[in-house]
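Peer 1: What follows is a predicted protein model with its sequence.
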Amino acid sequence: MEGLTDSQTRAWELLHGENSVFLTGEAGSGKSFLIKRLTALQDPKSYPILASTGAAAVLIGGRTLHSFLGLGILEGGVDRAVAKAMSDKRVVRRVKKAKGLIIDEISMISGQTLAAAERVCRLAKEEEIPWGGLKIIVVGDFAQLPPVERARQGVPDWAFKSRTWVESEFN
């Protein structure tokens, strides 16, 4: 693609690679531009675009991560949410069809939610590797917005501090 900065060109190359990617940068750096170009080339069922909140999902023309993976609001904790998601045949079918997931506004996803999402994908894909082998593209800027959490006080449960983040080995 012409007219990209060096950083955008490198990001574009990573987005087309095999590995999972963390696409970050300050506001106006081209994250949304690159994702829109990428999704224009993909089947939405193979690479659904997801977001942390309904408002963010509307802006990207996708749906929420919680809805797509059947996690709800994690009522009863991660184990209960994962069990509920796995009992929903539609969730399992959606994940099985996917080749990857694009998760926008990653800073607003808590570490606990990221762990639940990864586990649903691994179980649905029946693969004991991170995310069940799906390519995960997370997009956002952790300097902008903290995770959305229910009644939590103190230090935010940042996704990038979670074990799931480390095991995802994002480029």
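Peer 2: Right, received. Where do you want to start? Only a predicted model underlies this, so the values are computations on that prediction, with no experimental measurement involved.
Peer 1: Who does the residue positioned nearest the centre of the chain form a beta bridge with?
Peer 2: Using CA atoms, centre = their mean, the residue of the chain that lies closest to the mean C-alpha position is Ile103, 2.9 Å off. Beta-bridge partners recorded for Ile103 (DSSP bridges): Leu50, Val138.
Peer 1: Which helix or strand in this structure has the lowest average pLDDT?
Peer 2: The helix or strand of the chain with the poorest confidence is helix 54-60; it has a mean of 84 (mean pLDDT, DSSP states H and E).
Peer 1: surely Ile109 meets Ala116?
Peer 2: No - the criterion here is CB atoms under 8 Å, and Ile109 misses it with Ala116 at 10.0 Å. All C-beta spots, glycine's among them, are computed from the backbone N, C-alpha and C.
Peer 1: residues touching the closest residue to Glu126 other than its chain neighbours, list them.
Peer 2: Nearest in space to Glu126, with sequence neighbours left out and distances taken as CB to CB, 6 or more residues apart in numbering, is Gly132 at 7.2 Å. By CB atoms under 8 Å, 6 or more residues apart in numbering, the contact set of Gly132 is 95, 121-126.
Peer 1: at 6 Å what do you get?
Peer 2: By CB atoms under 6 Å, 6 or more residues apart in numbering, Gly132 lies in contact with 121-122, 125.
Peer 1: okay, those in JSON lines with distance to Val21 and pLDDT next?
Peer 2: JSON lines is the format used below for these (distance: CB to CB, whole Å; pLDDT from 0 to 100):
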{"residue": "Cys121", "distance to Val21": "16", "pLDDT": "98"}
{"residue": "Arg122", "distance to Val21": "19", "pLDDT": "97"}
{"residue": "Lys125", "distance to Val21": "19", "pLDDT": "97"}
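Peer 1: between these, which is closest to Gly28?
Peer 2: Nearest to Gly28 among the contacts of Gly132: Cys121, at 31.4 Å, using CB to CB.
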